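> Provide a 3D model corresponding to the input given below.
(chains A and B)
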Amino acid sequence: MSRASAVRVILPQQLRMLAKLEREVTVMVTGPVSQRSVIDALETAYPALRGTVRDHAGQRRPKVRLFACNEDISHNAPDAPLPDVIASGREPLLIIGAISGG
Amino acid sequence: MSGVRVLVGTRKGAFILTSDGNREQWAVSGPHFAGWEVYHMKGSPVDPNRIYASQTSSWFGQIIQRSDDGGKTWQQPGLEPGDVPDFTAPPEDDGMPQPAPSRFVYDTSEKTGRPLTTHQWYDGSQRPWEFTRVWHLEPSPTDRDLVYAGVEDAALFRSSDGGESWQELAGLRGHGTGPDWQPGAGGMCLHTILLDPNNPQRIYVAISSAGAFRTDDGGLSWRPINQGLVSDYIPEPTAEIGHCVHNLAMHPAHPERLFMQKHWDVMRSDNGGDLWREVSDNLPSDFGFPIAVHAHEPETVYVVPIKSDSEHYPPEGKLRVYRSRGGGGKWEALTQGLPQENCYVNVLRDAMAVDRLESCGIYFGTTGGQVYVSADSGDHWQAIVRDLPAVLSVEVQTLP
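Down below sits the predicted model:
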């Protein structure tokens, strides 16, 4: 049986408002902890977020960026493992909207 | 006593303005969907408590919202209201399809779809069709769960389950002239949808910048209806395709009679768009965005002249609505209560509406955040609100 990891995720303000969530949520990820598996778990737990971080074809939206341990991992492979501190819940994964005015 | 509910979409959220039939004292609710662009909201003619809203973001994509209590609470169709899942449980895969709210996918299927072609970009090159947002939602006059969506890149979608799932009416995008369509300044959008109240098979749409189109078979096949339009800013001014139609209006008692505000020119057709003639006449500028028809006088038409395609503000800094009581032509300026100096706002294409009270109310919103009302067909105006974010759309519901 696969182990489930409790992963902390910090959401941008617009998505907190959309899904009526606090700044930080915890999602349970089964199996390897990667961008894809965390966002899968996030969308499963909060269906209102489907199509917002990734489009409906599964591509990260161009103005959405992901940070782990102060490092921009937006362009890393979606299935690349996230750092242990993220997978263990000691540090959160950050989802932010690009700083592009508006 | 009867009343009105005005639905205002802005660059930073939605606002709902309500009043009794006197339309003098107003209550303002909002912002709803704060921080998001709300391109359009519209209520169902058969159930005024049912309202659809297009909430959109360049960052986070398209969201469809629906209210069943007149705008007090909202939900994404397909998601249960107030549903708070147990986020401590691992995701389950039970083989059931997961809900996918607000999913707009061009129909390229062999059976009902059309291949995804390209359209013209600003520089003349070809670009693939790409969904960006919903510009306009048009609920059916007879079925509260049936609603149409006009989207960017231009296409028409239909939902028969209250906005839970959307299917493209691909015959329009696949009409064959797609490679000649190009974006206007706001994007390549399908922004206007008129449903013929007498004939559910007939729908009119307008696209910037392709022109107006009509279907007579419920959306399976479409034909351009741009004969009579002359656009000097395109290489072939009388071309079948390529006109920047800004808005269309129809009176439900005369659905074959259409009015058009084009990029330049105000036009009229008496045969369902088969042929247009210009009715700009004495307007100070025939450039503008919205056009509307009086609720009880099918020949009374309203426009808001804008100086030019580069100067998107009223001529002479005077905000004037113009009214024609003859179905176009012989336009009179309506100015009482509107700023007549130093006014440089714009009024966008979906930002004017009329109510159906006995003394017809006219409403419009500006990019400066004002929403104006006239409770006497345009003779006198007052600002309901003055300081909203830039107004993208205004619709009004007449309540019993």
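> Mind listing residues that contact stretch B:270-285?
With contacts defined as CB atoms under 8 Å, 6 or more residues apart in numbering or on different chains, stretch B:270-285 is touched by B:202, B:204, B:212, B:214, B:225-230, B:255-260, B:265-269, B:286, B:303, B:305-308, B:315-316, B:320, B:322, B:324, B:327-331, B:333. C-beta here means a position set from N, CA and C on the backbone, and glycine is covered the same way.
> Tell me the buried residues within the residues you listed.
Neighbour-count burial (16 or more other CB atoms under 10 Å in any protein chain shown) applied to the contacts of stretch B:270-285 gives B:202, B:204, B:212, B:214, B:225-226, B:228-230, B:255, B:257-260, B:265-269, B:286, B:303, B:305-307, B:315, B:320, B:322, B:324, B:327-329, B:331, B:333.
> what's the residue closest to the geometric middle of chain A?
A:I39 (4.7 Å; CA atoms, centre = their mean).
> Check the secondary structure at B:E316 for me.
Using DSSP: H, G, I helix; E, B strand; the rest coil, the secondary structure recorded for B:E316 is helix.
> sorry, back to before: near chain B at all, the helix or strand containing the residue nearest to the centre of chain A?
For A:I39, the host element (DSSP states H and E) is helix A:35-45. Yes - residues of helix A:35-45 contacting chain B under CB under 8 Å from any CB of the partner chain: A:D40, A:A41, A:E43, A:T44, A:A45.
> For A:A57, grab the count of nearby residues.
A:A57: 9 surrounding residues under other CB atoms under 10 Å in any protein chain shown.
> Likewise for the one 10 residues further on?
Applying other CB under 10 Å, we find 15 other residues in the vicinity of A:F67.
> Same question for the one 3 residues further on.
Using other CB under 10 Å, A:N70 has 7 other residues around it.
> Can you list phi and psi of it for me?
phi 70, psi 10 (degrees, to the nearest 10).
> coming back round to it: can you tell me which of the buried ones among the contacts of stretch B:270-285 are in helices?
If you go by DSSP state H, these have nothing in helices.
> rewinding a little: so what's the residue nearest to the centre of chain A up against?
By CB under 8 Å, 6+ apart, the contact list for A:I39 reads A:V53, A:R54.
> let's go with 10 Å and repeat that
Going by CB atoms under 10 Å, 6 or more residues apart in numbering or on different chains, A:I39 touches A:9, A:27, A:29, A:49-50, A:53-54, A:58, A:60, A:64, A:66, A:78, A:93, A:95.
> separation between it and B:P389?
Counting by CB to CB, to the nearest Å, the separation of A:I39 from B:P389 is 30 Å.
> where exactly do the helices run in chain A?
Using DSSP H, helices in chain A cover A:13-19, A:35-45, A:84-87.
> ok, now chain B?
Secondary structure of chain B (DSSP H): helices at B:170-173.
> so what's A:P78 closest to, chain neighbours aside?
Once flanking residues are discounted, A:P78 sits nearest to A:R36: 4.1 Å by CB to CB, 6 or more residues apart in numbering or on different chains.
> And the pLDDT for B:E24?
B:E24 carries a pLDDT score of 97 in this model.
> Could I get the contacting residues of it?
So B:E24 contacts B:V373, B:A375, B:Q382, B:I384 (CB under 10 Å, 6+ apart).
> okay, the second one: pLDDT?
The predicted structure scores B:A375 at 98 on the pLDDT scale.
> still on that earlier bit, show me what contacts the residue nearest to A:P78?
Taking CB under 10 Å, 6+ apart, one finds A:V29, A:R54, A:G58, A:R60, A:A77, A:P78, A:D79, A:A80 in contact with A:R36.
> follow-up on the earlier one: most widely separated two among the contacts of A:I39?
Maximum pairwise distance among the contacts of A:I39 (CB to CB): 18.9 Å, between A:V29 and A:V64.
> Those two - which one has more neighbours?
A:V29 (25 against 21).
> The more buried one touches A:A87, doesn't it?
Yes - taking contacts as CB atoms under 10 Å, A:V29 lies within contact range of A:A87: 7.8 Å.
> Model confidence for the spatially closest residue to B:L392 that is not a sequence neighbour, exactly?
Excluding the flanking residues, the one nearest B:L392 by CB to CB, 6+ apart is B:G9, at 4.6 Å. For B:G9, the pLDDT comes out at 98.
> B:G9 - how many residues pack around it?
Residues near B:G9, counting by other CB under 10 Å, number 30.
> what's the spacing between it and B:D47?
For B:G9, the distance to B:D47 - CB to CB - is 20 Å.
> burial of B:R349, as a residue count?
Neighbours of B:R349 (other CB under 10 Å): 25.
> can you pull the contacts of it?
Counting by CB under 10 Å, 6+ apart, B:R349 has contacts B:135-136, B:184, B:186, B:189, B:191-192, B:206, B:208, B:245-248, B:261, B:288-291, B:392-393.
> at 6 Å instead, please
Shown in contact with B:R349 (CB atoms under 6 Å, 6 or more residues apart in numbering or on different chains): B:H191, B:H246, B:N247, B:F289, B:P290.
> How about the residues of chain A by chain B?
Residues of chain A found near chain B (CB under 6 Å from any CB of the partner chain) are A:4, A:14, A:27-28, A:30, A:41, A:44-45, A:47-48, A:50-52, A:56, A:63, A:97.
> hang on, the earlier thing: what's the PyMOL syntax to select whichever of the contacts of A:R36 are buried?
Listed next is the PyMOL selection for buried residues among the contacts of A:R36, using 16+ other CB under 10 Å:
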select buried, chain A and resi 29+54+60+78
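> residues contacting the nearest residue to B:V301 once chain neighbours are set aside?
Among residues not flanking B:V301 along the chain, B:S324 sits closest, at 4.9 Å (CB to CB, 6+ apart). Contact analysis of B:S324 by CB under 6 Å, 6+ apart lists B:V301, B:K330, B:W331.
> What number of residues are in the vicinity of residue 74?
All of this is about chain A. 15.
> oops, chain B please
18.
> Surely it touches B:I63?
No - counting by CB atoms under 6 Å, B:W74 does not reach B:I63; the two are 9.9 Å apart.
> measure stretch B:366-374 end to end?
End-to-end distance of stretch B:366-374: 15 Å, with CA to CA, to the nearest Å as the criterion.
> whoops, stretch B:109-128 was the one
End-to-end for stretch B:109-128, by CA to CA: 17 Å.
> Alright, that wraps it up for me.
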